[in-house]
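[1] fold the following and give me the result.
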Amino acid sequence: MTKKFLASMLTVVVVSLGCVTSASAQTDKDAQRLAKLKHAVNRIGIDENAKVSLQDGTKLKGRIVEIGEDYFVLVEKKTANSNRISFAQVKQVKSVVDNPLGDPAVLLGLALIPTIIGLSILAKGH
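    Reported below is the predicted structural model:
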């Protein structure tokens, strides 16, 4: 065998090993990302609100109603649509706290309480 042939074979072997190593590293990164997402969803828990960003840029808000081995089910609050979401589709998931003061009807009710009390005091004085 010639030196050129041996050198080219050695180059092919080194390049092949580099490709296998980088593919393996990418697989490890994906596995770690999926493990973090599963942990985050399990930490949020069933019957809790969440905001989910998918890999394709879609954003969903709703309540987690089921958590599986490789998926979870999110029911959107506004439309009541049920979405089975694979952990591989998810870019980010966050817990969303229910804020009763975010509802305009609650704020209106809270604003009317002092008015009603004031009017009651005035009416009792007459």
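[2] contacts, neighbours, all on C-alpha from now
    OK.
[3] the residue nearest the centre of the chain sits in which helix or strand?
    Among the residues of the chain, the smallest C-alpha distance to the mean C-alpha position (CA atoms, centre = their mean) belongs to V93, namely 1.6 Å. When secondary structure is defined using DSSP states H and E, the element that contains V93 is strand 90-95.
[4] same deal with K61?
    Under the criterion of DSSP H and E, K61 resides in strand 59-67.
[5] what's in contact with that strand?
    Applying CA atoms under 8 Å, 6 or more residues apart in numbering, the set of residues contacting strand 59-67 from outside is 41-42, 45-53, 72-77.
[6] show me where this protein has its helices.
    Chain-ordered helices for the chain, with DSSP state H as the definition, fall at 3-44, 104-125.
[7] now do the longest one, average pLDDT.
    Mean pLDDT, helix 3-44: 68.
[8] again with stretch 90-100
    Per-residue pLDDT values across stretch 90-100 average out to 83.
[9] rewinding a little: buried stuff in the strand holding V93?
    Burial within strand 90-95, assessed by neighbour count using 16 or more other CA atoms under 10 Å, is assigned to V90, K91, Q92, V93, S95.
[10] which other helices and strands does it contact?
    Using 3 or more CA pairs under 8 Å, 6 or more residues apart in numbering; DSSP states H and E as the contact criterion, the neighbours of strand 90-95 among helices and strands are helix 3-44, strand 49-54.
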